[in-house]
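Peer 1: pasted the sequence and its predicted model underneath.
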Amino acid sequence: MQTLQISVYVLAFLVALALLFDFMNGFHDAANAIATVVSTGVLKPQMAVLMAAVFNFTAILVFGVTVAATVGKGTIDPSVVDHHIVFGALVGAIFWNLLTWYYGIPSSSSHALIGGLVGAAVAKGGTGTLVAAGLIKTIVFIVLSPLLGFVFGSIMMVLVSWIFVRSTPQRVDKWFRRAQLVSASMYSLGHGGNDAQKTIGIIWMLLISAGYSSAHDKMPPFWVIASCYSAISMGTLFGGWRIVKTMGQRITKLKPVGGFCAETGGAITLFMATALGVPVSTTHTITGAIVGVGSSHKMSAVRWGVAGNIVWAWLLTIPASAFIAAIAWWLGTKVF
């Protein structure tokens, strides 16, 4: 990759913008980790976001940087990356996050960022700048992550129903109020491990293009890892309350046992995807798991109209953020 001459002030601004996106990612996606545990009444909102934030940061000790490598090196051709592309990608992703947060739509911060990278790169150099293998893997998991969440969530619900078939509802409720603390913690761990790495990948890409890091490095600088995990944890701590109601109550009514099964199914999916280095959407994953839990009772338990509106937001995320990013890239070339 050719080293670019980037002002230290521009570099600092873009790193700050990336951390702002990371903060908003946590803020926007807080509902993914806490909606079920709040809606079932197991934890109060303040305690739920604190727990989620702690486990978001704890993920730094558990996961590597395979997802960061996919975002930083496997989405667009590293040779075309410059400060304008990074600026366009971040603006496109941030704008889409703000728009969907305002309307309470649980869209994907991850795919907004991927869409932003695609839009800015294509605006600069055409479709030849895209890395097909990385994008195909990401696009495949747009379908697979909610499907796997659905499958694992419904399987967990069926298994739990069989195991506790002779137990009273009161006893099941009491037991799973405790068990849901574990499942929500594991889901928050998976959320931090997958989502924080996407911003790590962006900053890593920027540092490589500016000559502050080598494309042959196996790890980004530690300060990048620590700051990204800190930013997403702080965003989670402040929470995205507009989306909690949609995720926790509007799709289907959940009890503690259902919340446990949804979170466990979602966590299994996130752990698998992170191990494979795939940047998946935690929003897609937990939504699929919630729908799986609801439909395991009966199909009418799921409000399919609400779920359908969410799917439309998923389909629009990459093209919408790509379009905004292309405009932002052009503006960026005129400003700095």
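Peer 2: Perfect, thanks for sending it. Residues are numbered from 1 along each chain as shown.

Peer 1: all helices for this structure, in order.
Peer 2: 8-39, 45-58, 66-73, 83-102, 109-125, 132-163, 169-210, 222-238, 241-245, 256-276, 282-297, 304-335 (DSSP state H).

Peer 1: what's the model's confidence in the shortest one, averaged?
Peer 2: Spelled out, that is helix 241-245. Confidence over helix 241-245, taken as the mean pLDDT, stands at 54.

Peer 1: that older thread, lowest average pLDDT across the helices of the chain?
Peer 2: helix 241-245 (a mean of 54).

Peer 1: can you lay out the helices of the chain as TSV showing distance to H216?
Peer 2: Where C-beta positions appear, they are placed from N, C-alpha and C, glycine not excepted. Formatted as TSV, the helices of the chain follow (distance: least, C-beta to C-beta, whole Å):
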stretch	distance to H216
helix 8-39	20
helix 45-58	29
helix 66-73	11
helix 83-102	20
helix 109-125	21
helix 132-163	18
helix 169-210	9
helix 222-238	16
helix 241-245	40
helix 256-276	22
helix 282-297	31
helix 304-335	27
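
Peer 1: got these as a markdown table, with mean neighbour count columns?
Peer 2: Converted to a markdown table, the helices of the chain look like this (neighbours: other C-beta atoms under 10 Å):
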| stretch | mean neighbour count |
| --- | --- |
| helix 8-39 | 24 |
| helix 45-58 | 21 |
| helix 66-73 | 23 |
| helix 83-102 | 24 |
| helix 109-125 | 27 |
| helix 132-163 | 19 |
| helix 169-210 | 23 |
| helix 222-238 | 21 |
| helix 241-245 | 19 |
| helix 256-276 | 26 |
| helix 282-297 | 28 |
| helix 304-335 | 18 |
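
Peer 1: show me what contacts S213?
Peer 2: 204, 207, 220-221 (C-beta atoms under 8 Å, 6 or more residues apart in numbering).

Peer 1: er, V151 actually
Peer 2: Here V151 is in contact with 265, 292 (C-beta under 8 Å, 6+ apart).

Peer 1: can you tell me how far it is from S145?
Peer 2: 11 Å (C-beta to C-beta, to the nearest Å).

Peer 1: and S183, by the same measure?
Peer 2: With C-beta to C-beta as the criterion, S183 and S145 are 18 Å apart.

Peer 1: W175 now?
Peer 2: For W175 relative to S145 (C-beta to C-beta), the value is 29 Å.

Peer 1: want to try CSV for the contacts of S213, with distance to V158 as columns?
Peer 2: Conversion of these to CSV gives the following (distance: C-beta to C-beta, whole Å):
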residue, distance to V158
W204, 42
L207, 47
P220, 42
P221, 46
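
Peer 1: isn't R177 right up against V257?
Peer 2: No - R177 lies out of contact with V257 (C-beta atoms under 8 Å); the separation is 9.2 Å.

Peer 1: check contacts around the residue lying closest to V37 once chain neighbours are set aside.
Peer 2: Of all residues not flanking V37 in the chain, A184 sits nearest, at 4.3 Å (C-beta to C-beta, 6 or more residues apart in numbering). Listed by C-beta under 8 Å, 6+ apart, the contact partners of A184 are 33-34, 36-37, 42-43, 48, 51-52, 259, 263.
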